[in-house]
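A.B. asks: with the sequence up front, the predicted model follows.
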Amino acid sequence: MTKTVFITGASSGIGQACAEVLAKEGYNLLLCARRLNRLEELKDTLLATYPTIQIHIFELDVRDAEQVANQIEGLPPAWKKINVLINNAGLSQGLDPIQNGDIGDWDRMIDTNIKGLLYVSKSVIPLMDTENGAHIVNLGSIAGKEVYPNGNVYCATKHAVDALTKAMRIDLLTQGIKVTSIDPGMVETEFSEVRFHGDRERAKNVYNGVQALTGKDIAETILFVITRPAHVNINDLLIMPTAQATGTIVNRK
Ligand code: NDP
Ligand code: 8X3
(Lines give C-alpha, C1' and ligand atoms only; values in the text may rest on other atoms or scores of the structure.)
(Ligands and ions follow the chains in the order given, each with its own letter.)
Protein backbone atom coordinates (compact mmCIF):
# COMPACT_ATOMS: atom_id res chain seq x y z
CA MET A 1 0.00 0.00 0.00
CA THR A 2 1.35 3.42 -0.94
CA LYS A 3 1.47 5.67 2.10
CA THR A 4 0.65 9.38 2.17
CA VAL A 5 2.81 11.95 3.94
CA PHE A 6 1.59 15.46 4.71
CA ILE A 7 4.45 17.97 5.01
CA THR A 8 3.95 21.55 6.20
CA GLY A 9 6.52 24.10 5.02
CA ALA A 10 7.61 22.07 2.00
CA SER A 11 8.72 25.11 -0.03
CA SER A 12 12.22 25.26 1.45
CA GLY A 13 14.89 23.63 3.61
CA ILE A 14 14.01 20.58 5.69
CA GLY A 15 10.42 20.34 4.41
CA GLN A 16 11.53 20.40 0.78
CA ALA A 17 14.26 17.84 1.50
CA CYS A 18 11.65 15.58 3.15
CA ALA A 19 9.55 15.80 -0.02
CA GLU A 20 12.59 14.88 -2.16
CA VAL A 21 13.71 11.96 0.02
CA LEU A 22 10.20 10.56 0.51
CA ALA A 23 9.30 10.90 -3.18
CA LYS A 24 12.32 8.74 -3.99
CA GLU A 25 10.95 6.13 -1.56
CA GLY A 26 7.58 6.09 -3.34
CA TYR A 27 5.39 7.95 -0.84
CA ASN A 28 2.46 10.06 -2.05
CA LEU A 29 2.91 13.64 -0.92
CA LEU A 30 0.58 16.34 0.38
CA LEU A 31 2.63 19.52 0.41
CA CYS A 32 1.75 22.97 1.70
CA ALA A 33 3.38 26.34 2.39
CA ARG A 34 2.60 29.98 1.68
CA ARG A 35 4.76 30.13 -1.47
CA LEU A 36 2.67 28.11 -3.90
CA ASN A 37 5.00 28.87 -6.87
CA ARG A 38 7.82 27.05 -5.09
CA LEU A 39 5.56 24.05 -4.46
CA GLU A 40 4.52 24.00 -8.13
CA GLU A 41 8.18 23.86 -9.21
CA LEU A 42 8.93 21.14 -6.65
CA LYS A 43 5.93 19.09 -7.74
CA ASP A 44 6.94 19.31 -11.42
CA THR A 45 10.54 18.31 -10.67
CA LEU A 46 9.57 15.39 -8.45
CA LEU A 47 6.94 14.04 -10.83
CA ALA A 48 9.40 14.22 -13.73
CA THR A 49 11.77 11.99 -11.74
CA TYR A 50 9.26 9.79 -9.91
CA PRO A 51 6.23 9.55 -12.24
CA THR A 52 4.50 6.79 -10.26
CA ILE A 53 3.87 8.81 -7.10
CA GLN A 54 1.06 11.32 -6.57
CA ILE A 55 1.53 14.84 -5.27
CA HIS A 56 -1.12 17.31 -4.13
CA ILE A 57 -0.03 20.85 -3.29
CA PHE A 58 -1.90 23.72 -1.70
CA GLU A 59 -1.24 27.16 -0.30
CA LEU A 60 -1.48 27.34 3.46
CA ASP A 61 -0.59 29.81 6.16
CA VAL A 62 -0.55 27.63 9.25
CA ARG A 63 -1.16 30.69 11.45
CA ASP A 64 -4.68 31.09 10.07
CA ALA A 65 -6.92 28.69 12.04
CA GLU A 66 -9.89 29.07 9.71
CA GLN A 67 -7.82 28.60 6.57
CA VAL A 68 -6.15 25.50 8.03
CA ALA A 69 -9.52 23.93 8.91
CA ASN A 70 -11.10 24.81 5.55
CA GLN A 71 -8.16 23.72 3.38
CA ILE A 72 -7.78 20.37 5.12
CA GLU A 73 -11.54 19.77 5.25
CA GLY A 74 -11.66 20.62 1.53
CA LEU A 75 -9.00 18.13 0.45
CA PRO A 76 -10.09 15.77 -2.35
CA PRO A 77 -11.45 12.51 -0.83
CA ALA A 78 -8.46 10.52 -2.12
CA TRP A 79 -6.18 12.68 0.04
CA LYS A 80 -8.14 12.23 3.23
CA LYS A 81 -6.22 9.21 4.48
CA ILE A 82 -2.91 10.37 5.89
CA ASN A 83 -0.23 8.08 7.28
CA VAL A 84 2.44 10.57 8.32
CA LEU A 85 2.13 14.23 9.31
CA ILE A 86 5.42 16.14 9.38
CA ASN A 87 4.81 19.35 11.34
CA ASN A 88 7.79 21.17 9.88
CA ALA A 89 6.59 24.73 9.09
CA GLY A 90 8.35 27.05 11.47
CA LEU A 91 10.66 29.98 11.81
CA SER A 92 12.82 32.13 13.99
CA GLN A 93 12.68 35.93 13.83
CA GLY A 94 15.31 38.07 15.51
CA LEU A 95 18.14 37.26 17.90
CA ASP A 96 17.95 40.02 20.47
CA PRO A 97 17.91 40.22 24.26
CA ILE A 98 14.35 39.87 25.52
CA GLN A 99 14.25 43.51 26.69
CA ASN A 100 14.85 44.62 23.08
CA GLY A 101 12.60 42.02 21.46
CA ASP A 102 10.18 42.93 18.70
CA ILE A 103 6.56 42.06 19.46
CA GLY A 104 5.84 41.34 15.78
CA ASP A 105 8.71 38.81 15.73
CA TRP A 106 7.40 37.19 18.92
CA ASP A 107 3.89 36.91 17.51
CA ARG A 108 5.10 35.39 14.22
CA MET A 109 7.14 32.72 16.04
CA ILE A 110 4.43 31.85 18.56
CA ASP A 111 1.67 31.86 15.93
CA THR A 112 3.63 29.68 13.50
CA ASN A 113 5.65 27.31 15.67
CA ILE A 114 3.07 26.63 18.38
CA LYS A 115 -0.40 27.63 17.22
CA GLY A 116 0.16 26.58 13.59
CA LEU A 117 1.38 23.15 14.66
CA LEU A 118 -1.71 22.80 16.85
CA TYR A 119 -4.18 23.92 14.16
CA VAL A 120 -2.74 21.54 11.55
CA SER A 121 -2.59 18.62 13.99
CA LYS A 122 -6.20 19.15 15.08
CA SER A 123 -7.42 18.96 11.47
CA VAL A 124 -5.16 16.11 10.37
CA ILE A 125 -5.51 13.74 13.34
CA PRO A 126 -9.09 12.70 12.41
CA LEU A 127 -7.83 11.85 8.90
CA MET A 128 -5.00 9.61 10.07
CA ASP A 129 -4.99 6.09 8.70
CA THR A 130 -4.55 4.27 12.00
CA GLU A 131 -5.25 0.88 10.37
CA ASN A 132 -2.18 1.08 8.16
CA GLY A 133 0.21 3.05 10.35
CA ALA A 134 -0.14 6.62 11.57
CA HIS A 135 2.71 8.83 12.72
CA ILE A 136 3.14 12.50 13.64
CA VAL A 137 6.67 13.90 13.39
CA ASN A 138 7.17 17.32 14.97
CA LEU A 139 10.19 19.48 14.15
CA GLY A 140 11.56 20.56 17.51
CA SER A 141 15.13 21.81 17.89
CA ILE A 142 18.17 21.93 20.13
CA ALA A 143 16.41 25.20 21.06
CA GLY A 144 13.68 23.07 22.63
CA LYS A 145 16.21 21.30 24.84
CA GLU A 146 18.28 24.26 26.03
CA VAL A 147 18.09 28.04 26.04
CA TYR A 148 20.88 30.17 24.56
CA PRO A 149 21.63 33.90 24.73
CA ASN A 150 19.07 35.97 22.78
CA GLY A 151 17.19 32.82 21.74
CA ASN A 152 14.45 33.58 24.30
CA VAL A 153 11.12 33.41 22.42
CA TYR A 154 12.28 31.02 19.68
CA CYS A 155 13.60 28.67 22.39
CA ALA A 156 10.28 29.02 24.24
CA THR A 157 8.35 27.99 21.11
CA LYS A 158 10.53 24.92 20.61
CA HIS A 159 10.22 24.01 24.31
CA ALA A 160 6.47 24.22 23.68
CA VAL A 161 6.85 21.84 20.71
CA ASP A 162 8.73 19.46 23.02
CA ALA A 163 5.85 19.61 25.54
CA LEU A 164 3.22 19.19 22.83
CA THR A 165 5.03 16.16 21.40
CA LYS A 166 4.98 14.51 24.82
CA ALA A 167 1.34 15.50 25.33
CA MET A 168 0.32 14.13 21.92
CA ARG A 169 2.05 10.84 22.70
CA ILE A 170 -0.06 10.50 25.84
CA ASP A 171 -3.37 11.67 24.37
CA LEU A 172 -3.05 9.68 21.13
CA LEU A 173 -1.73 6.51 22.75
CA THR A 174 -4.98 4.57 22.54
CA GLN A 175 -5.54 5.68 18.94
CA GLY A 176 -2.32 3.98 17.85
CA ILE A 177 -0.75 7.15 16.47
CA LYS A 178 3.03 7.30 16.92
CA VAL A 179 4.48 10.68 17.86
CA THR A 180 8.12 11.66 17.42
CA SER A 181 10.13 14.81 17.93
CA ILE A 182 13.13 15.46 15.67
CA ASP A 183 15.42 18.02 17.27
CA PRO A 184 18.20 19.29 15.02
CA GLY A 185 21.10 21.58 15.80
CA MET A 186 22.42 23.75 13.00
CA VAL A 187 20.90 22.93 9.59
CA GLU A 188 21.89 25.14 6.66
CA THR A 189 18.59 26.22 5.09
CA GLU A 190 16.81 29.56 4.70
CA PHE A 191 16.32 29.50 8.49
CA SER A 192 18.98 32.11 9.34
CA GLU A 193 18.00 34.36 6.45
CA VAL A 194 14.47 34.38 7.84
CA ARG A 195 15.76 34.85 11.40
CA PHE A 196 17.74 37.93 10.30
CA HIS A 197 14.89 39.35 8.20
CA GLY A 198 16.58 38.76 4.84
CA ASP A 199 20.16 39.78 5.80
CA ARG A 200 22.00 37.16 3.73
CA GLU A 201 25.51 38.16 4.86
CA ARG A 202 24.61 37.76 8.53
CA ALA A 203 22.86 34.50 7.75
CA LYS A 204 25.90 33.12 5.91
CA ASN A 205 28.14 33.90 8.91
CA VAL A 206 26.14 31.51 11.07
CA TYR A 207 27.59 28.61 9.06
CA ASN A 208 31.13 29.99 8.65
CA GLY A 209 33.84 27.42 9.28
CA VAL A 210 31.46 24.63 10.21
CA GLN A 211 29.93 21.79 8.24
CA ALA A 212 26.30 22.25 9.22
CA LEU A 213 23.66 19.57 8.76
CA THR A 214 21.68 19.66 5.51
CA GLY A 215 17.95 19.35 5.01
CA LYS A 216 18.69 15.97 3.45
CA ASP A 217 20.41 14.77 6.67
CA ILE A 218 17.22 15.53 8.57
CA ALA A 219 14.95 14.07 5.89
CA GLU A 220 16.90 10.79 5.89
CA THR A 221 16.60 10.67 9.68
CA ILE A 222 12.84 11.16 9.40
CA LEU A 223 12.69 8.39 6.80
CA PHE A 224 14.42 6.08 9.30
CA VAL A 225 12.02 7.09 12.06
CA ILE A 226 8.85 6.49 10.02
CA THR A 227 10.01 3.12 8.70
CA ARG A 228 10.55 1.38 12.06
CA PRO A 229 8.38 -1.69 12.71
CA ALA A 230 4.82 -1.06 13.96
CA HIS A 231 5.74 -1.84 17.59
CA VAL A 232 8.72 0.54 17.67
CA ASN A 233 8.49 4.30 18.19
CA ILE A 234 11.39 6.71 18.41
CA ASN A 235 10.15 9.31 20.87
CA ASP A 236 12.79 11.95 20.48
CA LEU A 237 15.90 12.34 18.39
CA LEU A 238 18.51 15.07 18.93
CA ILE A 239 20.74 15.41 15.88
CA MET A 240 23.70 17.77 15.68
CA PRO A 241 26.54 18.57 13.31
CA THR A 242 29.66 16.78 14.60
CA ALA A 243 31.26 20.21 15.10
CA GLN A 244 28.43 21.45 17.36
CA ALA A 245 28.28 20.46 21.04
CA THR A 246 25.46 22.72 22.30
CA GLY A 247 23.27 25.44 20.84
CA THR A 248 26.19 27.88 20.97
CA ILE A 249 29.41 25.85 21.36
CA VAL A 250 30.66 25.22 17.85
CA ASN A 251 34.15 24.15 16.75
CA ARG A 252 34.79 26.45 13.79
CA LYS A 253 37.81 25.89 11.55
P1 NDP B 1 13.34 27.27 6.04
O2 NDP B 1 13.17 28.74 6.30
O3 NDP B 1 14.27 26.86 4.97
O4 NDP B 1 11.91 26.61 5.79
C5 NDP B 1 10.81 26.93 6.59
C6 NDP B 1 9.54 26.42 5.93
O7 NDP B 1 8.43 26.75 6.78
C8 NDP B 1 9.29 27.07 4.58
O9 NDP B 1 8.86 26.09 3.67
C10 NDP B 1 8.18 28.07 4.86
O11 NDP B 1 7.34 28.18 3.71
C12 NDP B 1 7.42 27.36 5.98
N13 NDP B 1 6.63 28.30 6.75
C14 NDP B 1 7.05 29.33 7.52
N15 NDP B 1 6.01 30.01 8.01
C16 NDP B 1 4.89 29.39 7.54
C17 NDP B 1 3.50 29.62 7.67
N18 NDP B 1 3.03 30.65 8.41
N19 NDP B 1 2.63 28.80 7.06
C20 NDP B 1 3.10 27.76 6.31
N21 NDP B 1 4.39 27.48 6.13
C22 NDP B 1 5.28 28.31 6.74
O23 NDP B 1 13.79 26.66 7.45
P24 NDP B 1 14.08 25.14 7.91
O25 NDP B 1 13.82 24.20 6.83
O26 NDP B 1 15.40 25.14 8.55
O27 NDP B 1 12.99 25.01 9.06
C28 NDP B 1 12.04 23.95 9.12
C29 NDP B 1 11.76 23.61 10.56
O30 NDP B 1 12.93 23.10 11.18
C31 NDP B 1 11.30 24.79 11.43
O32 NDP B 1 10.27 24.36 12.30
C33 NDP B 1 12.56 25.14 12.23
O34 NDP B 1 12.26 25.78 13.45
C35 NDP B 1 13.15 23.75 12.42
N36 NDP B 1 14.57 23.70 12.73
C37 NDP B 1 15.49 24.27 11.90
C38 NDP B 1 16.84 24.21 12.21
C39 NDP B 1 17.89 24.87 11.39
O40 NDP B 1 19.02 25.06 11.90
N41 NDP B 1 17.64 25.22 10.15
C42 NDP B 1 17.30 23.50 13.41
C43 NDP B 1 16.24 22.97 14.23
C44 NDP B 1 14.94 23.04 13.87
P45 NDP B 1 6.69 29.55 3.19
O46 NDP B 1 7.60 30.67 3.57
O47 NDP B 1 6.59 29.32 1.70
O48 NDP B 1 5.35 29.60 3.84
C1 8X3 C 1 17.36 26.04 14.96
C2 8X3 C 1 18.68 25.74 15.58
O3 8X3 C 1 20.40 26.55 17.27
O4 8X3 C 1 19.51 28.20 15.71
O5 8X3 C 1 16.32 25.56 15.71
O6 8X3 C 1 18.17 27.40 17.51
S7 8X3 C 1 19.19 27.04 16.58
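C.D. replies: That came in fine, so what should we check first? Numbers count the residues shown, from 1 in each chain. Ligands and ions are numbered 1, 2, ... in the order given.
A.B. asks: all helices of the stretch 101-250 of the chain, in order?
C.D. replies: 103-109, 117-124, 152-171, 191-195, 200-206, 215-226 (DSSP state H, counting those that start in this stretch).
A.B. asks: my guess is L139 contacts L85. True?
C.D. replies: No - using CB atoms under 8 Å, L139 is not in contact with L85; the gap is 11.2 Å. For every residue, glycine as well, the C-beta is placed using N, CA and C.
A.B. asks: need the contact list for the most centrally placed residue in the chain.
C.D. replies: When CA atoms, centre = their mean is applied to the chain, the residue found nearest the centroid is N88 (1.2 Å). By CB atoms under 8 Å, 6 or more residues apart in numbering, the contact set of N88 is I7, T8, G9, A10, I14, G15, C18, L139.
A.B. asks: phi and psi next, for it.
C.D. replies: N88 adopts backbone torsions of phi -110, psi -30, taken as degrees, to the nearest 10.
A.B. asks: quick one: it from ligand 1, how far?
C.D. replies: Here N88 is placed at a distance of 5 Å from ligand 1 (CB to the nearest ligand atom, to the nearest Å).
A.B. asks: what's the local residue count around the nearest residue to P97 once chain neighbours are set aside?
C.D. replies: Using CB to CB, 6 or more residues apart in numbering and skipping the chain neighbours, the partner closest in space to P97 is N150 (5.8 Å). Other residues near N150 come to 16 when the count uses other CB atoms under 10 Å.
A.B. asks: okay, the helices of the stretch 101-250 of the chain in CSV with mean pLDDT next?
C.D. replies: Below are the helices of the stretch 101-250 of the chain laid out as CSV (pLDDT from 0 to 100):
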stretch, mean pLDDT
helix 103-109, 98
helix 117-124, 99
helix 152-171, 98
helix 191-195, 98
helix 200-206, 97
helix 215-226, 98
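A.B. asks: which one of these lies closest to ligand 1?
C.D. replies: Evaluated over those, closeness to ligand 1 peaks at helix 191-195, with 3.4 Å, by CB to the nearest ligand atom.
A.B. asks: how close does the closest residue in space to S192 that isn't next to it in sequence get to M240?
C.D. replies: Nearest non-adjacent residue to S192, counting by CB to CB, 6+ apart: A203, 3.7 Å away. Noted for A203: a distance of 19 Å to M240, by CB to CB, to the nearest Å.
A.B. asks: count the residues that sit near the residue lying closest to A160 once chain neighbours are set aside.
C.D. replies: With CB to CB, 6+ apart as the criterion, A160 has its nearest non-adjacent residue at 4.7 Å, and that residue is I114. Burial of I114 is recorded as 19 neighbouring residues (other CB under 10 Å).
A.B. asks: list the contacts for I114?
C.D. replies: Per CB under 8 Å, 6+ apart, neighbours of I114: T157, A160, V161, L164.
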